[in-house]
Structure formats: structure tokens, C-alpha cells
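Undergrad: Got a predicted model here, sequence first, then my questions.
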Amino acid sequence: MRLNKLAVALSFIGLSAAAQSQTKWDMPTAYPANNFHTENVQQFAADVDKATGGKLKITVHANASLFKAPEIKRAVQGGQAQIGEILLANFENENPLYGVDGIPFLATSYEESMKLYKASKKAQNDLLGKQGMMMLYAVAWPPQGIYSKKPIESAADMRGLKWRAYSPSTSKIAELVGAQPVTVQASELSQALATGVVESFMTSGSTGYDSKVYEQVKNFYDTQAWLPKNAVVVNKKAFDALDQPTRDALLKAAETAEARGWKVSAEKNEWYLNALKEKGMTIHKPSAKLQADMKQVGQVMQADWLKKAGPEGQAVMDAYRKN
């Protein structure tokens, strides 16, 4: 009898020790569960679980269910969430370096976007480090185009349109073309279109498809203006609290997620545009006038960005343009 009690006690101690050694993290993201970024994040969390033998469990909270998109970075910084996924360009007002991939027509292909990422990653990570965070990996969205309820042949046709703004750069575009910026996050886009709060906006084929914008909007102009990136960031104290093997497993899973994410993004770009077409949207090649107008907007924004970003921004731009 005593032996049985001792066995039970030892078993309980073993279970307690196992429970104590398991670390649980919350990971807020802003996009639907079926978005390719979220699917990549879910796979990343599963890879971490497997590689650590269950020592680190990451629970993904999709579709802004835990924190809204603009709140996620602060939540990770303050330790309310240990890890999270953010759109870097959302935080350009904090520091221009966060918004370099939101400059229209600077990097317009996956190859150029990766080159820009490599040129800016250290500067962005240094900024995050000063705020108690670090970047684990980043993945580009498909190229950005213009969605509009009415046909657009030039920037003049966008004057007065209710324009969805989700970042400083998209607000600036509205200002330059004379549209009315309205702040609307991805999770609220479908409702904003249905109620007439928004008439036009720039985003990827991915967000357009996920948000079912084809139910309200029939025109997509494939301007391929820029490829903004989502970054997965971690609270540095939470990361440092992990043992070395767990840290190594986390970094390895992040490296794998980054490579996988970029590959899937490129593969799905064409798929999203075809899917929008099947749902009744017209995919337009922009007119020469619209393309020229938008490139002019990009040149103005690039010059403004360099003024704000100073020597650090110039260094990033020089590194990007280096052959």
C-alpha cells in the first residue's frame, strides 16, 4: 500500500515538473485563419512544438481576436503577448525605417522586395531591440494594387473617393491623389465596403480575396506598387527566459517559416488574382496615365521618406541600390 502511495506521489511530482517546464505563449495576428500568413504562422507554431518536444507551446489568435492590428506590437513590447505578427509599415509614424517597404514603386517584385528586406533588416531589428523586442522572421505580401467601386483611368479619378488607409503610407497616397482617407483594418474591410464607408483602397489580391471585396467592388488595377512585409516579433525577455535548446529550435523554425512564407506568397499571387476574376471582378492592367501618376506619387513619397529617415534611411537605400 505504501509503495502504491509512493508511486502515485512520484508520478504526481513528475507531472508537476513537466507542467512547470512547459512554456505557453500567446501569439496575436491580424488576419483570418485561412490567410496564407496565418497558415504559415500556424505551421511555425506546430514546428516549434514538435522541435521542442512540447516544451514551448504557441497559441495563435487569428483575425485580430486577441488584439487589433495596431495594438499587437505594443502588446508584445509590454509582455501582454510574448510573440505576435505585425505589418511593419503600420509603424512608420514611430520611425520611418519601419515603413521603407511601403514606399510605392521602390521594390515592385519579390526579388526586389527580398533585396530591400536584406538591406533594411538590421536597422529595423535594432529599432525593435531598443523597444525590448526582436524580429524572428518576415514574409512579403503579394504586390499591391488598387481596388475601386468605379473605373479609374488616372489619379484625378480618385479625387474625393473614400479611401481605406491602414498605414501612414496609404494615408499619404490618399493625400497626394486627393482622396478621403478612412482608417479601416483588414478584419473590418468587408463591413466598411458594405456600408459605404470605403469606396477604394490599395492592398494585395490576398487581402481582397480574404475580405470578399468582390461582393462590393468589381475593379482591381494591378499596379504592383509595393510588397509590404509582415514580421513575427518576440518579446526579448520572454525569448531570453527560454533555455538554449528551445531558443535554437525557435530560431530554426523561424528560418524555415520565412523561406516557406516567401515561396507561398509568390505562388499564391497569381492564384488570388484568378480567384478574384472567377468571383466576377475585372483585373485591369493600369492605363499608362494611371501608372505614370502613381509612379509620380511614389517619387514624392520616396523623397519625403528620405528626409524623415535621415542618414540611417539613406544608408538603407544605398545598401538596397548597391549591385
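TA: That came in fine, so what should we check first? Just so we're clear, the structure is a prediction, and the values are computed from it rather than from any experiment.
Undergrad: And Arg2, what's its pLDDT?
TA: If you check Arg2, the pLDDT there is 51.
Undergrad: Could you measure from Glu278 over to Gln131?
TA: Counting by Cβ to Cβ, to the nearest Å, the separation of Glu278 from Gln131 is 43 Å. Just so you know, the C-beta spots here come from the backbone N, C-alpha and C atoms, and that holds for glycine as well.
Undergrad: That should have said Arg321, apologies.
TA: From Arg321 to Gln131 the distance is 28 Å (Cβ to Cβ).
Undergrad: out of those two, which sits in the more crowded spot?
TA: Gln131 (18 against 11; other Cβ atoms under 10 Å).
Undergrad: tell me the phi and psi of the more buried one?
TA: phi -100, psi 10 (degrees, to the nearest 10).
Undergrad: Identify the residue nearest it in space, chain neighbours excluded?
TA: Spatial nearest neighbour of Gln131, chain neighbours left out: Gln77 (5.3 Å); criterion: Cβ to Cβ, 6 or more residues apart in numbering.
Undergrad: how many neighbours does that neighbour have?
TA: There are 17 residues near Gln77, going by other Cβ under 10 Å.
Undergrad: ok, it - contacts?
TA: Gln77 makes contacts with Gln131, Gly132, Met133, Asn235, as judged by Cβ atoms under 8 Å, 6 or more residues apart in numbering.
Undergrad: Give me the pLDDT value at it.
TA: Per-residue pLDDT puts Gln77 at 98.
Undergrad: and what of Ala17?
TA: So, for Ala17, pLDDT stands at 44.
Undergrad: With the one 3 residues further on instead?
TA: In the prediction, the pLDDT value recorded for Gln20 is 50.
Undergrad: who's in contact with stretch 282-291?
TA: The contact list for stretch 282-291, computed with Cβ under 8 Å, 6+ apart, reads 146, 152-155, 218-223, 273, 276-277, 294.
Undergrad: Got a PyMOL select line for the buried ones in the residues you listed?
TA: Only the buried entries of these go into this PyMOL selection, using 16 or more other Cβ atoms under 10 Å:
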select buried, resi 146+152+154+155+218+219+220+221+223+273+276+294
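Undergrad: Now for the contacts of stretch 282-291: which two are most distant?
TA: Largest separation among the contacts of stretch 282-291 by Cβ to Cβ: Ala155 and Lys277, giving 24.7 Å.
Undergrad: Just the CA atoms of stretch 207-217, as PDB, please.
TA: C-alpha atoms of stretch 207-217 as PDB (Å, rounded to 0.1, in the frame of the first residue of the first chain):
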ATOM      1  CA  THR A 207      -6.500  40.700 -48.600                       C
ATOM      2  CA  GLY A 208      -9.100  41.400 -51.300                       C
ATOM      3  CA  TYR A 209     -10.000  37.700 -51.600                       C
ATOM      4  CA  ASP A 210      -9.900  37.000 -47.900                       C
ATOM      5  CA  SER A 211     -12.200  40.000 -47.200                       C
ATOM      6  CA  LYS A 212     -14.600  39.000 -50.000                       C
ATOM      7  CA  VAL A 213     -14.300  42.500 -51.500                       C
ATOM      8  CA  TYR A 214     -15.600  41.100 -54.800                       C
ATOM      9  CA  GLU A 215     -19.100  41.200 -53.200                       C
ATOM     10  CA  GLN A 216     -18.900  45.100 -53.300                       C
ATOM     11  CA  VAL A 217     -16.100  46.000 -55.700                       C
END
